[in-house]
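Asks: Give me a 3D structure for the following:
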Amino acid sequence: MKKPIYFSLAVLVLSFSSCKKEVELNNVSEEGLKKLSLKGSTPASGLNWHNISSFNNGPNEVIPVPWAGGASRSFPDDYLSDYKPEDGWEMYFNTFNPIIKVDAPYFVLYNRYRGTMRIYYYFVPKSGVETTQVTFQLDLKGTESKSSILSFDNGEAIDLSSNPATISKVQPEKIFQSGSWYAEEFQLAYDANLKNKNYASNQLRWNMYSVSVDQISLDGTQKGEINGTIQTPKPTTNFMGQVVSGAMNLGTGGVGIFATGSKVLGNFFSKNYGPIKLEKVKEGIEEASNKNLKTGGSSIFNALSSLVTGGTGGGFSEQKVNLIMDTKMKLNGSISHAPNGLFSTTLFISGMQGLSTAPGGAPNYTGNLGIFNLSAKPKVVVINNPPMQHPPEDVMMKYYLADYYIDEQSFQFVTNPDIINNSATGATIQNYRQEIVISDPRNVAQFDIDDISGDIEYMGIDKSVLTGPVYFGFWTRTNLPVIKRLLNTDVFVRISFNVVPNNGKPKTTIVKTFVADLVNNFH
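Replies: Presented below is the predicted three-dimensional model:
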């Protein structure tokens, strides 16, 4: 995967049609860039991207499509065969036109059944210094810039009390000056509030920077290179030299899942990630890629994964899994500045109010984005449910049973009606499941665990958790107030389900883990 370069040019939602449009160049102060905009509100050309071998960028330039033989491409191999309409992809926006040439050509696809937006940007050959990595950053911009739409692709566990305004990914590919395609994708959450807001309140800005990461440390262990795509919640322009809680993204497909995923993890954690845990990781990869998966799995990757997809819709014939694992990371290096490494474009969010009068090109896709969301941060309740126990010889010893359950009234599972409906292009939700995830109570020294329910998994690289129906019994001399305080541990709610298209297209299995509030009713 090659990576882009910093241009002093930001293309702002371009739109082309048979009518003539007035082109206006405006100077802006932000990062010393210029924004090129076209007046008008008609959608950009639909672009038959999946049945052609090249795009026209103006009257004299022809650019091969990213998956054409001989095309230069610098993006994850997963994207190479996964782009066709039969797999749920639709054209969201593009700048290609046989009449007007742009300096930074790109197109954006959206997968209606996964809620995933992917941008393909063609880096036109330029002279300059090559750099070692590229970063993609997706921001909320606008008069309000407040939405949960970016919350799903920011780490293992989603905290609905804090909605990110920026998410970014660092790809381990160099930037080449000979011209190449670059691409990245983010999964979007459904924000039911956006359809009632004006388009100016929230927009999506894609940025791409060239960076040189000289040294990377993961969970305190220094590594010489980036082996897989990593995500950071901090903006790309200020994460260098800081320790942040980020994530590794191990998106991969089919048989390659096991080989690629475990290889990347092995490279990351060969010294400080124990063989037992690594074996659990491998088991999780295999289970997540199993086409007969029924529950969403009981492994590390299903506790942490952002997306599991599968199907044989003509575009790809293997299961595809997008896995996210949190880790502490520190990057040391540099951000490249003009003219080596920036592409920036702002897109309108489809389904919002006023797009018919918006200045610039409206998206081709007209529905609301995302598949689902939760209406509020979920709650998990812990109670004591004492069973019949024979008294021990030690009269000071007492037996307790901590029982956890999800407060069903604390949140609602909200789906996007533009996708989840009975129409030919809609889909249904099947195999919906909710599970509790809690910190492993055996990490609390005061408890002598006697009976326990739940599957052992790992969050991050070293935090063991229990999943599923969870309860545990324990003997202790500790008094009740102290016990109650010790039970104030981290809790999460995992949601998993299948999105099954009504027209027979491949199903998608979505697995998300949400940070929950603990209601401690232990008496």
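
Asks: buried sites along stretch 512-523?
Replies: 512-516, 518, 522 (16 or more other CB atoms under 10 Å). Every residue, glycine included, has its C-beta placed from N, CA and C.

Asks: quick one, what contacts the closest residue to residue 375 other than its chain neighbours?
Replies: Once flanking residues are discounted, residue 375 sits nearest to residue 412: 4.1 Å by CB to CB, 6 or more residues apart in numbering. Residues in contact with residue 412 (CB atoms under 8 Å, 6 or more residues apart in numbering) are 374-376.

Asks: Tell me the confidence at residue 412?
Replies: We have a pLDDT of 97 for residue 412.

Asks: For the most centrally placed residue in the chain, give me the pLDDT.
Replies: Residue closest to the average C-alpha location in the chain (CA atoms, centre = their mean): residue 153, at 2.6 Å. pLDDT, residue 153: 82.

Asks: And it, how close does it get to residue 329?
Replies: 16 Å (CB to CB, to the nearest Å).

Asks: Got the phi and psi for the residue nearest to the centre of the chain?
Replies: phi -130, psi 40 (degrees, to the nearest 10).

Asks: any chance of the buried residues of stretch 512-523 in TSV, with distance to residue 247 and pLDDT too?
Replies: Listed next are the buried residues of stretch 512-523 as TSV, based on distance: CB to CB, whole Å; pLDDT from 0 to 100:
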residue	distance to residue 247	pLDDT
512	14	87
513	12	88
514	15	92
515	14	93
516	19	96
518	23	97
522	33	93
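
Asks: which one of those residues sits closest to residue 56?
Replies: residue 512 (40.1 Å; CB to CB).

Asks: Residue 62: how many residues sit nearby?
Replies: Using other CB atoms under 10 Å, residue 62 is surrounded by 11 other residues.

Asks: Provide the count of other residues in contact range of the nearest residue to it once chain neighbours are set aside.
Replies: If the residues on either side of it in the chain are set aside, residue 62 comes closest to residue 54, at 4.9 Å by CB to CB, 6+ apart. Here the number of neighbours of residue 54 (other CB under 10 Å) works out to 13.

Asks: how close does residue 54 sit to residue 494?
Replies: Counting by CB to CB - residue 54 and residue 494 are separated by 44 Å.

Asks: where does the stretch 201-350 of the chain have low pLDDT?
Replies: 224, 227, 250-323, 336-342 (pLDDT under 70).

Asks: Contacts made by stretch 443-455 with the rest, please.
Replies: 298, 399, 401, 436, 438, 441-442, 464, 466-476, 478, 482-483, 486, 489.

Asks: Keep only those of those residues that are in helices.
Replies: Of those, the ones assigned to helices by DSSP state H are 482-483, 486.

Asks: any idea which of those residues is closest to residue 67?
Replies: Using CB to CB, the ones in helices among the contacts of stretch 443-455 come closest to residue 67 at residue 486, 54.9 Å.

Asks: In contact with that closest one, which residues?
Replies: Contacts of residue 486 (CB under 8 Å, 6+ apart): 444, 446-447, 478.

Asks: Quick check: closest non-adjacent residue to residue 392.
Replies: Closest to residue 392 by CB to CB, 6+ apart is residue 475, at 7.2 Å.

Asks: Name whatever forms a beta bridge with that neighbour.
Replies: residue 399, residue 448 (DSSP bridges).

Asks: Which of the buried residues of stretch 512-523 fall in strands?
Replies: 512-516, 518 (DSSP state E).

Asks: Distance to residue 220 added to these, as CSV?
Replies: Output for these, formatted as CSV (distance: CB to CB, whole Å):
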residue, distance to residue 220
512, 28
513, 24
514, 27
515, 24
516, 28
518, 28
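
Asks: Tell me the one of the residues you listed nearest residue 238?
Replies: Looking across those and measuring by CB to CB, the closest to residue 238 is residue 515, at 24.5 Å.
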